[in-house]
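Q: Kindly return the folded structure for what I paste below:
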Amino acid sequence: MAQKVYKGSGADFITAVCLVLFGAAFSIAALRMRVFNNSLLVSPGLFPLILGAVFILLGLLLLRSAAKRGGWAQASHVLGKEHLHTFATSPRVRKAVVLLLFIVAYVAAVAHFPFLWATVGYLLVTFIYLKAMKLHWILLVSFLAAYAITFAFRDLFQIPMP
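A: A predicted model of the protein is given here:
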């Protein structure tokens, strides 16, 4: 008899696997932390270890539930070659990748240029790429927003800017 597949089961299955893997990595990192007096109870890794165990437990519970609802079949279908190709070539994903590259470039620019000018450049490029508004508004918003952020952090909160 064929098992009925419920909508969202594949997403639950994939999420559960990620939770278990994340919890395991968290737990391993916690166990590698320094232990005082040969007791795990005095280690700074105790709380992360407990948190990792909770992630693993919840991930396993979700995995069991998703597997009962046909999650493996749906996850295999979603992660199949055909769907991944469609996903990778979609305009939305392409736009997200370009925006992510803008963010990476911005972070790199902040290391080499004053924060104000790096922020203005980032906002200009991003707004122009997204066609967010007319050019004169893009210029105005980019400069004002960058100046307001710089003023707030540097002058009001007295936080040194990069």
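Q: Residue ranges in the chain under the pLDDT threshold?
A: Along the chain, segments meeting pLDDT under 70 span 1-6, 36, 39-42.
Q: For F102, give me its contacts.
A: Contact partners of F102, counting by CB atoms under 8 Å, 6 or more residues apart in numbering, are Y122, V125, T126, Y129. C-beta coordinates here come from the backbone N, C-alpha and C atoms, glycine included.
Q: The first one: what's it in contact with?
A: It refers to Y122. So Y122 contacts F102, I103, A105, Y106, A109 (CB under 8 Å, 6+ apart).
Q: What I need now is those residues written out in TSV, including secondary structure and distance to I138 for each item.
A: Supplementary listing: the contacts of Y122 in TSV, determined by DSSP: H, G, I helix; E, B strand; the rest coil; distance: CB to CB, whole Å:
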residue	secondary structure	distance to I138
F102	helix	14
I103	helix	18
A105	helix	18
Y106	helix	16
A109	helix	18
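Q: Report the buried members of those.
A: Listed as buried from these are F102, Y106, A109; burial here means 16 or more other CB atoms under 10 Å.
Q: Any chance of those in TSV with distance to Q158 as columns?
A: Output for the buried ones among the contacts of Y122, formatted as TSV (distance: CB to CB, whole Å):
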residue	distance to Q158
F102	29
Y106	24
A109	24
